[in-house]
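Trainee: no letters, just coordinates:
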């Protein structure tokens, strides 16, 4: 009943809005879509356009009959394929750029198992993206809860406790630490809306910087145990996998980098452009070209050792087979480190502001007792 009501409201929306919601829902289940399509490709050889269209139409009818909100995506992809687009191009508006790249590489490869391998890599990429999202949420959850609790604690002192103490002893007679905490807690109480706007702005800024912030300072931030490092490791693994696929298609490193530059976001394009410039300066040192800060030291060492034995391409292919599996474990390990860093920061704030407010209140109240007694006498 609830699903039917939601679907009725969904159908009342304009087509553009329906497609936007369908794309959001499809993002949640694209890993399953890749897996089921891969199994069909492996079992039936569904690499031709007609059979893929048949499968998309089947999925559209199935999801529409069950009143799932994802059916407009399958309908749109099928229409684009009928219009002449290949599978990867038709799917491009509905999947992340790195997954589209993997599917596009598979579609242009001449290897017999390229389609299966491309869908498998896209499935692994979607899984790694999901792991990254979940671990980032988990690493932020408890520190964020502690900071929100601390802010409410400061509002309590700034709105109720400190004003009551200030009635018995003026703030200018408090200890310097107490005056500082009074100013902080009062600000938290009076300007909570400004604090909320700043936090929302910082969260939005973080997501904006993931694909747009570039430069050498960003490289240093990516290497720190913060939220950006997990994203860098995932994108680096996807780049290695894509390079391996392009090398399987007999492309050289220069051609592969040129292909990436066409569809890369600003962050990845900055690294790819640096790789291209370094390759132009030293065409005989491909390992040096890749050392722009996007890859971890372990990956760079592996490539350097292989390049020294004239096995650069083979090293990339070997790394590409296991990069996504390895990055999932790396993301989880880095998430624990980031969690403890953020937790330590939150605990430090709690001791300084939370415990400090208690101490300041006690000190002001204790100091005000003799003054009050003298005034009564």
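Mentor: The structure has been received and is ready for your questions. Remember, it's a predicted structure, so these values are computed and weren't measured experimentally.

Trainee: from now on I want contacts and neighbour counts done on CA atoms only, so please keep to that.
Mentor: OK.

Trainee: run through the stretch 201-350 of the chain and note the low-pLDDT ranges.
Mentor: Low-confidence regions of the stretch 201-350 of the chain, defined here as pLDDT under 70, cover residues 249, 306-311, 320-322, 324.

Trainee: all strands of it, in order?
Mentor: Under the criterion DSSP state E, counting those that start in this stretch, the stretch 201-350 of the chain contains no strands.

Trainee: so where's the stretch 51-200 of the chain uncertain?
Mentor: When residues are selected by pLDDT under 70, those of the stretch 51-200 of the chain lie in 109-113.

Trainee: please enumerate the helices of it.
Mentor: Here the stretch 51-200 of the chain has its helices, by DSSP state H, counting those that start in this stretch, at 71-82, 87-91, 97-108, 114-156, 162-168, 176-190, 192-212.

Trainee: could you provide those in a markdown table, with additional columns for mean neighbour count and distance to residue 266?
Mentor: As requested, the helices of the stretch 51-200 of the chain are arranged in a markdown table below (neighbours: other CA atoms under 10 Å; distance: least, CA to CA, whole Å):
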| stretch | mean neighbour count | distance to residue 266 |
| --- | --- | --- |
| helix 71-82 | 20 | 27 |
| helix 87-91 | 20 | 21 |
| helix 97-108 | 22 | 12 |
| helix 114-156 | 19 | 19 |
| helix 162-168 | 16 | 49 |
| helix 176-190 | 18 | 37 |
| helix 192-212 | 13 | 5 |
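
Trainee: just put those in TSV and tack on distance to residue 5.
Mentor: Conversion of those to TSV gives the following (distance: least, CA to CA, whole Å):
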stretch	distance to residue 5
helix 71-82	16
helix 87-91	29
helix 97-108	33
helix 114-156	29
helix 162-168	51
helix 176-190	42
helix 192-212	32
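
Trainee: nearest to residue 335, of those?
Mentor: Comparison of the helices of the stretch 51-200 of the chain against residue 335 by CA to CA identifies helix 114-156 as nearest, at 6.0 Å.

Trainee: got the angle for that closest one vs helix 192-212?
Mentor: Comparing the axes of helix 114-156 and helix 192-212 via axes from the mean of the first three to the mean of the last three CA atoms, to 10 degrees yields an angle of 160 degrees.

Trainee: how far does helix 114-156 sit from its chain's centre?
Mentor: Taking the mean of its C-alpha atoms, helix 114-156 sits 7 Å from the chain's own mean (CA atoms, centre = their mean, to the nearest Å).

Trainee: repeat for stretch 27-45
Mentor: The chain centre lies 24 Å from the centre of stretch 27-45; the measure is CA atoms, centre = their mean.

Trainee: quick check: buried residues in it?
Mentor: Judged by neighbour count (16 or more other CA atoms under 10 Å), stretch 27-45 contains these buried residues: 27, 30-31, 34-35, 37-38, 40-41, 45.

Trainee: which one, of the helices of the stretch 51-200 of the chain, ends up nearest to residue 226?
Mentor: Ranking those by distance to residue 226, with CA to CA as the measure, places helix 114-156 first at 9.9 Å.

Trainee: does residue 189 really touch residue 160, like I thought?
Mentor: No. At 9.4 Å, residue 189 and residue 160 do not qualify as touching, with contact defined as CA atoms under 8 Å.

Trainee: got a list of what the closest residue to residue 128 other than its chain neighbours touches?
Mentor: Once its chain neighbours are removed from consideration, residue 128 has its nearest residue in residue 328; the separation is 5.8 Å (CA to CA, 6 or more residues apart in numbering). Residues touching residue 328, when contacts are defined by CA atoms under 8 Å, 6 or more residues apart in numbering, comprise 128, 131-132.

Trainee: fine, thanks again, bye for now.
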